[in-house]
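> Sequence and predicted structure are below.
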Amino acid sequence: AVVSTQSTGGEGVADIPKELVDQCCQLVKANSIQGCKLANVDIVYTPYPNLKKTGDMVAGQVGFHKNKKVVKVNVEKNNEVWKKLEKTREEREVDLQEERNRREREEQEELKKQKKLQREMEKLQIEKEKKEREMKSYKLMNADPEKCTSNQFDNESDAERELVDDFM
């Protein structure tokens, strides 16, 4: 039997709550032809991309790309969990490919929003740094000719200049 869960994103196998793992293991044990008859069963779980299926394998048989990503759990029959799961049972047809495509589109849209926000923040930072450099620059000191001391005497008469020269 196979049970799959869908993560909310960024979660690994180690981040799955123990209660959820126990419930999934009870489902697998109860829906297995041989497992439901035994008291203890070893259940194996791994992320979906780690599953390896080749053409020469028997129906229902799978392999794994990396054995380090495989987690093995020994499960004993727990009627309380099984009864609770049976009461909340809900069966529906799910197009897994469409679900995956939808989730990937949503993740791409979120990533685009984050990149756009990052670009805007970088643009603001660059503008801020540019303004700070301009404020520290000497270019603005001589920008206004009326404030410039070298041009101070252009509008004054010759007599006023002589007075200032005599004073100095």
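Received it, and whenever you're ready, just let me know what you need. Numbers count the residues shown, from 1 in each chain.

> which stretch of helix or strand covers residue 117?
helix 96-136 (DSSP states H and E).

> distance between that helix and the chain's centre?
13 Å (C-alpha atoms, centre = their mean, to the nearest Å).

> Just the mean pLDDT for it, thanks.
The average pLDDT within helix 96-136 is 92.

> Low-confidence ranges, the chain, go.
Scanning the chain for pLDDT under 70 picks out 1, 8-11, 139-161, 163-168.

> Which stretches in it count as strands?
Taking DSSP state E as the test, the strands found in the chain are 40-45, 51-52, 63-64, 71-76.

> Go through those strands and pick out the most buried.
strand 40-45 (a mean of 15; mean count of other C-beta atoms under 10 Å). For the C-beta atoms, the positions are set from N, CA and C on the backbone; glycine is no exception.

> what angle do that strand and strand 71-76 make?
Put simply, strand 40-45 runs at 150 degrees to strand 71-76, going by axes from the mean of the first three to the mean of the last three C-alpha atoms, to 10 degrees.

> Any idea how far strand 40-45 is from the middle of the chain?
31 Å.

> That strand pairs with which strands, parallel or anti?
strand 71-76 (antiparallel) (DSSP bridges).

> what sits up against the strand it pairs with?
Outside strand 71-76, the residues that touch it by C-beta atoms under 8 Å, 6 or more residues apart in numbering are 13, 21-22, 25-26, 28-29, 39-46.

> Name all residues that make contact with residue 78.
Counting by C-beta under 8 Å, 6+ apart, residue 78 has contacts 22, 26.

> switch the cut-off to 10 Å
Neighbour list for residue 78: 22, 23, 25, 26, 29, 30, 84 [criterion: C-beta atoms under 10 Å, 6 or more residues apart in numbering].

> coming back round to it: switch the strands of the chain over to CSV; also include distance to residue 122.
Formatted as CSV, the strands of the chain follow (distance: least, C-beta to C-beta, whole Å):
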stretch, distance to residue 122
strand 40-45, 42
strand 51-52, 40
strand 63-64, 42
strand 71-76, 41
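
> now residue 135: how far from residue 120?
23 Å (C-beta to C-beta, to the nearest Å).

> Residue 47 contacts residue 6, correct?
No: shown here, residue 47 and residue 6 do not form a contact pair, counting by C-beta atoms under 10 Å, at 11.6 Å.
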